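In: based on what follows, work out the 3D shape:
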Amino acid sequence: MKDPSRSSTSPSIISEDVIINGHSHEDDNPFAEYMWMENEEEFNRQANQLLKQFLFISQIEEELWEEEFIERCFQEMLEEEEEHEWFIPARDLPQTMDQIQDQFNDLVISDSSSLEDLVVKSNLNPNAKEFVPGVKYLNI
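Out: Below is the predicted model:
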């Protein structure tokens, strides 16, 4: 019986070119498709190394995003401070004793009649016991 692959009516096919299930006919090793497993440990080592590099790069990228976020927060805070008037000690505190004395004099009540008005309109009990810190009072 004639081999159909070698017939003159069909195109000539060299037996090495014919591949069935990923193997040529002349492949004598029945485990040829599993030969990649021979280097499986090396493949796993390289895969683990690539995974570690990816995780390291991801961590660096996350840190960069975090730094950028913090920088933006500081920038927004500085812009907000520029928009509002804030207390600045060098500018807002008096520089000399004369200025401090002037501010203190502004706080002193100058009129004794206004002091009497405060006492008359007060809601405080004039007969109350004097408060002494650390002493508990009993209601009798």
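In: need the longest helix for the chain.
Out: helix 40-83 (DSSP state H).
In: just checking, what packs against that one?
Out: Helices and strands in packing contact with helix 40-83 are not found; criterion 3 or more Cβ pairs under 8 Å, 6 or more residues apart in numbering; DSSP states H and E. Where C-beta positions appear, they are placed from N, C-alpha and C, glycine not excepted.
In: for whichever helix or strand comes after it, C-alpha coordinates in PDB please.
Out: Heading C-terminal from helix 40-83, the first helix or strand you meet, by DSSP states H and E, is helix 89-92. Output of helix 89-92 as PDB, limited to C-alpha atoms (Å, rounded to 0.1, in the frame of the first residue of the first chain):
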ATOM      1  CA  PRO A  89       3.900  87.600  66.400                       C
ATOM      2  CA  ALA A  90       6.600  89.800  64.800                       C
ATOM      3  CA  ARG A  91       4.000  92.000  63.200                       C
ATOM      4  CA  ASP A  92       1.100  91.900  65.700                       C
END
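In: distance between helix 89-92 and the chain's centre?
Out: Distance of helix 89-92 from its chain centroid, counting by Cα atoms, centre = their mean, to the nearest Å, is 35 Å.
In: just stretch 122-129 next, same as before
Out: With Cα atoms, centre = their mean, you get 56 Å for stretch 122-129.
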